[in-house]
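Asker: pasting the structure only:
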Ligand SMILES: [Ca+2]
Ligand SMILES: [Ca+2]
Ligand SMILES: [Ca+2]
């Protein structure tokens, strides 16, 4: 019994440390963006209760600047970590230079906007933003 405790104790502790580390790492990706009045206020400056493509483009451009940590005008895989997966970056990068410029980034945003616009009226409601496709878009803006 004593032997078992001395061997399994450290192993258990190590397991807990690894487990806790994984939890912390997993959190940003798993954390859901809260779609509430405050978010709508940010995304809907003309206050018509919906988010149109222009509003999304504006939000995407400011998010792009925020993500572009080294201010070189493009987003590389490191800067896009947690925003777009590797495969998604590749799909969004027609000139294949491994980075997304603002045009390439905006093209992804527009595609995701259209996907989230369930009734195709060119506007996203709070419900659209709360949907799975809406949340995908929110990661980019
Ligand atoms: Ca609006
Ligand atoms: Ca950059
Ligand atoms: Ca590119």
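Answerer: Received it, and whenever you're ready, just let me know what you need. For clarity, every value in this text was computed on a predicted model and none was experimentally measured. Ligands and ions are numbered 1, 2, ... in the order given.

Asker: By mean pLDDT, flag the weakest helix or strand of this protein.
Answerer: Of all the helices and strands that make up the chain, helix 2-30 has the lowest average by mean pLDDT, DSSP states H and E, namely a mean of 52.

Asker: Give the other helices and strands that the following helix or strand past it contacts.
Answerer: With elements assigned by DSSP states H and E, the helix or strand that comes after helix 2-30 is helix 37-43. Judged by 3 or more Cβ pairs under 8 Å, 6 or more residues apart in numbering; DSSP states H and E, helix 37-43 is in contact with helix 53-67, helix 126-130. C-beta: built from backbone N, CA, C; applies to glycine.

Asker: Any residues of this protein in contact with ligand 2? List them.
Answerer: Contacts of the chain with ligand 2, taken as Cβ under 5 Å from the ion, map to 68, 70, 72.

Asker: quick one: terminal-to-terminal distance for stretch 42-61?
Answerer: End-to-end distance for stretch 42-61: 14 Å, by Cα to Cα, to the nearest Å.
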